[in-house]
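Participant: Sequence and predicted structure, then a few things I'm wondering about:
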Amino acid sequence: MSSRLTVMYAEQGRWRPSTDREPHGQNSKRETRSRRLAKVNHPLIPKPWKPSASKTLSNATKKGALAVDHLSFTLEHGQIFGLLGGNGAGKTTTISMLLGLQVPTSGHISVLGQNMTENRFAALARMNFSSPYISLPARLSVRQNLEVYGHLYNVPKLKMRIDQIAEQFRLTDLLTCPAGDLSAGQKTRVALAKSFLNQPEVLLLDEPTASLDPDMGDYVRTALENYRAQTGASILLASHNMAEVERLCDQVLIMKQGRVADQGTREELINRYGREDMEEVFLHIARNNAI
Amino acid sequence: MTGGAQRIWGLVYRHLCMYQRSWPRLAEIAYWPTLELLIWGFTANFFSRSLHGSAPILAGTALVAGALLWEIVLRAQIGVTLSFLEEIWSRNLGHIFVSPLRPAEMVLALPTVSAIRTFIGLLPATIIAFLLYHYDLFAPGPVMLLFFLNLLVMGWWMALGIVSLLFCYGSGAEALAWTVAFGITPVACVSYPLASLPGWLQPLAQALPAAHVFEGLRSLLLSSHMNWNQLTAATWLNALWMLAGIAVFGAEFRRARIRGALISIGE
């Protein structure tokens, strides 16, 4: 079973070479589509930048600043892929597009063989997502929240699955508590439990260990490693925790100002910049003006 | 349960759980219909006692029936929009929209929640109408269910239009959830016949199913004549408006995806 996820972008109808291998004879069709999408008069800015104090940036917005531009990558089956970047680098926009929440102005996103612009529901049932920035209904108990999402994802034997996942994320004692009464760390664990409910083949995690204490953070990282090992799932991880990225990620893509600043394995990146660890690589890229 | 039905149930269940755990929300559902009924019920009582003959009694009956039935439209519309707004307020839309729940399933789930809310909301008012004013809403027979259904559907397509505006303008448009249905009350002909409206307003009223429902209802209550033409007109208009509502909902959902507004709709 393939859990491949590809992202290919073009700008103004020109395709950037991609690592993805597509069947022959598809390019002209996709190029046509790319031109059509490029005509959509919406730059990739879900929330337009509004630093109105700066004339330059204001002009940039008028021209249509791109939140994500020329991004191209493939997440292979069983891979943990780190998506790094400073605030406003375009990580959230990228994840939104991968989930089909946002339509790219040009380019193509394929998840589990499905075009996410046109046929996202076929893939969404086999994916899941967690972010500390999106809440679960506060009035509902933890169990009720998991039941709701269990139904939305058509999870079979739901009660058994909820008990299993609650035990895995140490939530058993919290199942009857309203989600709104939980601590930030507990909410993060509930959101993670929700994202594991349907045993996704592709898991998108936005800062999965934010707000977790070191013990629980380590526990979750181990859970991610085990899940990948057991199921062969592909995991895309957006994180600011460089130690976590070094431990978990097979491939790392660093974004800056919506573009790919660099990409490679953690060893490749560390060696390329002659640094000690990913933290230093990240700082080097973040503080260097050139992309 | 099939996949689609289970997903629809998931969203309905989410709202049922919320009401189960929040008595103020549950009380609010019944509060306004009961209040409206009391106001119009006592007004009708006053007229029937002050004036002589059977006309004031019949007018009072039509007034109470109108008050109760117009609440169906209001509660049906608010039931859908409020359920959608609950997702915005709880910042949960991001999770909903990345689940396999289709927009069409959402369009089915929200009116289901609304129907349950409307039933719960109107039950105390219906009982009070019977006890205080001796008004039996179901006295005209099963045909009343057709009137109810038409009014429910009218509330739903109005709500779909409002949810579409929420896609467009985010939670900034949430005031519309409470104001739109009240705004069209004057042309809904709830308490007076269509002919009472100025000529230029009548075509607008005739385009609304409510005017036909209430014309038919008055005919049934005041002269015991069931005017099927009015009910048929209301049903056709509802079908057309509902199709338009679904089309607008679908178009605005697609536009929100292009703009990337689905994840930031509550901000």
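Facilitator: Looks like it arrived, so ask away.

Participant: roughly how far apart are the closest residue to A:V202 other than its chain neighbours and A:E225?
Facilitator: Nearest-residue entry for A:V202: A:M127, 4.5 Å, with adjacent residues in sequence omitted and distances by Cβ to Cβ, 6 or more residues apart in numbering or on different chains. Backbone N, C-alpha and C define where each C-beta goes, glycine included. As judged by Cβ to Cβ, to the nearest Å, A:M127 and A:E225 stand 19 Å apart.

Participant: ok, the two, which is more surrounded?
Facilitator: A:M127 (30 against 14; other Cβ atoms under 10 Å in any protein chain shown).

Participant: got a list of what the more buried one touches?
Facilitator: Residues near A:M127 by Cβ atoms under 8 Å, 6 or more residues apart in numbering or on different chains: A:L99, A:V111, A:L112, A:P200, A:E201, A:V202, A:L203, A:L204, B:V98.

Participant: Which of those fall within strands?
Facilitator: Within those, residues falling in strands by DSSP state E are A:V111, A:V202, A:L203, A:L204.

Participant: Taking those together, which two end up most distant?
Facilitator: Among the ones in strands among the contacts of A:M127, the pair separated by the greatest distance (Cβ to Cβ) is A:V111 and A:L203, at 11.4 Å.

Participant: Any buried residues in the helix or strand in which A:Y227 is found, and which?
Facilitator: Using DSSP states H and E, A:Y227 sits in helix A:214-231. Within helix A:214-231, the residues scored as buried using 16 or more other Cβ atoms under 10 Å in any protein chain shown are A:M216, A:G217, A:Y219, A:V220, A:R221, A:L224, A:Y227, A:R228.

Participant: now for stretch A:231-243, what's the gap between its first and last residues?
Facilitator: End-to-end distance for stretch A:231-243, by Cα to Cα, to the nearest Å: 24 Å.

Participant: follow-up on the earlier one: tell me the confidence at the residue nearest to A:V202?
Facilitator: A:M127 is assigned 95 on the pLDDT scale.

Participant: ok, now B:G66?
Facilitator: pLDDT at B:G66 comes out at 84.

Participant: And for A:S3?
Facilitator: Looking at A:S3, its pLDDT is 47.

Participant: Equivalent analysis for the one 5 residues further on, please.
Facilitator: The pLDDT attached to A:M8 in the predicted structure is 55.

Participant: do A:S58 as well
Facilitator: 26.

Participant: Got phi/psi on A:F73?
Facilitator: phi -160, psi 160 (degrees, to the nearest 10).

Participant: right, and it touches A:G264 too?
Facilitator: No. A:F73 lies out of contact with A:G264 (Cβ atoms under 8 Å); the separation is 11.2 Å.

Participant: Which residue of these two possesses the greater neighbour count?
Facilitator: A:F73 (20 against 15).

Participant: For the more buried one, name its beta-bridge partners.
Facilitator: A:V7 (DSSP bridges).

Participant: does residue 254 belong to a helix or a strand, and which?
Facilitator: I'll assume chain A. Using DSSP H and E, A:I254 falls in strand A:251-256.

Participant: sorry, should have said chain B
Facilitator: Assigned by DSSP H and E, B:R254 belongs to helix B:228-259.

Participant: what is the mean pLDDT for that helix?
Facilitator: Mean per-residue pLDDT for helix B:228-259: 94.

Participant: Tell me which stretches of the stretch 101-250 of chain A form strands.
Facilitator: For the stretch 101-250 of chain A, applying DSSP state E, counting those that start in this stretch gives strands covering A:108-111, A:114-115, A:127-130, A:202-206, A:234-238.

Participant: near chain B, anything from the second one?
Facilitator: Yep, that's strand A:114-115 we're talking about. No. If you take Cβ under 8 Å from any Cβ of the partner chain as the test, strand A:114-115 misses chain B, and the best it gets is 11.7 Å.

Participant: List the strands paired with that strand, with their directions.
Facilitator: Under the criterion DSSP bridges, strand A:114-115 sits next to strand A:108-111 (antiparallel) in its sheet.

Participant: and what of the third one?
Facilitator: Next to strand A:127-130 in the sheet, as set by DSSP bridges, lie strand A:202-206 (parallel).

Participant: Please apply the same query to the last one.
Facilitator: For strand A:234-238, the paired strands and their directions (DSSP bridges) read strand A:80-85 (parallel), strand A:202-206 (parallel).

Participant: In a markdown table: those strands, plus mean neighbour count and mean pLDDT.
Facilitator: Formatted as a markdown table, the strands paired with strand A:234-238 follow (neighbours: other Cβ atoms under 10 Å in any protein chain shown; pLDDT from 0 to 100):
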| stretch | mean neighbour count | mean pLDDT |
| --- | --- | --- |
| strand A:80-85 | 25 | 95 |
| strand A:202-206 | 24 | 95 |
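
Participant: okay if I get these as CSV plus distance to B:A129?
Facilitator: Shown next, in CSV, are those (distance: least, Cβ to Cβ, whole Å):
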stretch, distance to B:A129
strand A:80-85, 60
strand A:202-206, 52
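
Participant: By proximity to chain A, which residue of the stretch 1-150 of chain B wins?
Facilitator: Here the residue of the stretch 1-150 of chain B nearest chain A is B:G10; by Cβ to the nearest Cβ that distance is 2.9 Å.

Participant: what's the pLDDT at the closest residue to that residue other than its chain neighbours?
Facilitator: Nearest residue to B:G10 in three dimensions, chain neighbours excluded: A:H151, at 2.9 Å (Cβ to Cβ, 6+ apart). You'll see A:H151 listed with a pLDDT of 97.
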